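Trainee: Next come a sequence and a model predicted from it.
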Amino acid sequence: MFLTTMTARLVLVLMALALPGVARAGWQDMPDTVQLQAMGDTLQVNGTPMQVRAFASRLALDALLQDVETRWRRSPGEVKRSVNSAWTVLNQPVGAQHRSFQVRQASASTIEGFVALTSPSATREPKLAVRLPPDMTAVSIIDSVDQGRASQQVIAVSKRSMTATAASLEASLKASGWERHRFKAEPTGIVFAANKGKQQFDATLTAQPNGSIVMMNTLLN
């Protein structure tokens, strides 16, 4: 579940998002035939506040794309369409902000996607919930609150081996008062988890050609 959530949100990091001046049919000018579901109460990606809505539908992908693009072209700001792997993305700047629509074919009869907005001018320097060892560098920091529970998801890289990185991370956590309760090493990766009072931490480490990559999730309350 953690890795699935991380993958979905990493796709969102690549989008340029925005708040429009006027919403006509639904949130972000979406047609009423699309049922949107909020992803969390609040979301910040690398310090930038973001609102995201997800959807799944049996509508035809091309028809929905054309509908949304037509609606967005009624507002000032160029609408750009691009393809990122299986996803087709619409981006539109509105003043100092951006909005984005992202959709893909999930099955023969179902499509899925996201609508999102952000305001880059509100970006603030993100703060790590867990102190990382000097040999690790955070490349993505996602702070979220969902149903009152705050969490932080971090992707970090290290030039050291997977085993050395795991040992370094555990030592750093232990020095900050975290207590390990799970450690499982396999050739394909290492799973590590720790507790600190009511806070929970888990990490998945995988080897890379020039080191290792670490996906971490910290539940803060």
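Mentor: Structure's in. What do you need? A quick note: this is a predicted structure, and the numbers were derived from the prediction, not measured.

Trainee: buried sites along stretch 84-103?
Mentor: By neighbour count on 16 or more other C-beta atoms under 10 Å, the buried set for stretch 84-103 is 87-94, 97-103. (C-beta placed from N, C-alpha, C; glycine too.)

Trainee: swap in stretch 105-112?
Mentor: Residues of stretch 105-112 classed as buried by neighbour count (16+ other C-beta under 10 Å): I111, E112.

Trainee: for stretch 35-43, same thing?
Mentor: L36, M39, G40, L43.

Trainee: where's the dip in pLDDT among the buried residues of stretch 84-103?
Mentor: When these are compared by pLDDT, V94 scores lowest at 77.

Trainee: I figured it hits S75, correct?
Mentor: Yes: using C-beta atoms under 8 Å, V94 is in contact with S75, at 6.5 Å.

Trainee: For this structure, which segments are assigned as helices?
Mentor: 2-13, 61-72, 162-175 (DSSP state H).

Trainee: Go through these and find the least confident stretch.
Mentor: Among the helices of the chain, helix 2-13 scores lowest, at a mean of 41.

Trainee: Now, the buried residues of stretch 35-43 that are in strands?
Mentor: Per DSSP state E, strands hold the following members of the buried residues of stretch 35-43: L43.

Trainee: from the buried residues of stretch 35-43, which is closest to N195?
Mentor: The shortest approach to N195 among these belongs to G40, at 22.9 Å (C-beta to C-beta).

Trainee: distance of G211 from V145?
Mentor: Distance from G211 to V145, counting by C-beta to C-beta, to the nearest Å: 32 Å.

Trainee: for W72, same thing?
Mentor: Separation of W72 from V145 (C-beta to C-beta) stands at 29 Å.

Trainee: got the domain boundaries for this protein?
Mentor: Domain ranges of the chain: 2-39+49-122, 136-219, per automatic domain parsing.

Trainee: I'd like to know which of the buried residues of stretch 35-43 is nearest to A129.
Mentor: Nearest member of the buried residues of stretch 35-43 to A129, counting by C-beta to C-beta, is L43, at 15.1 Å.
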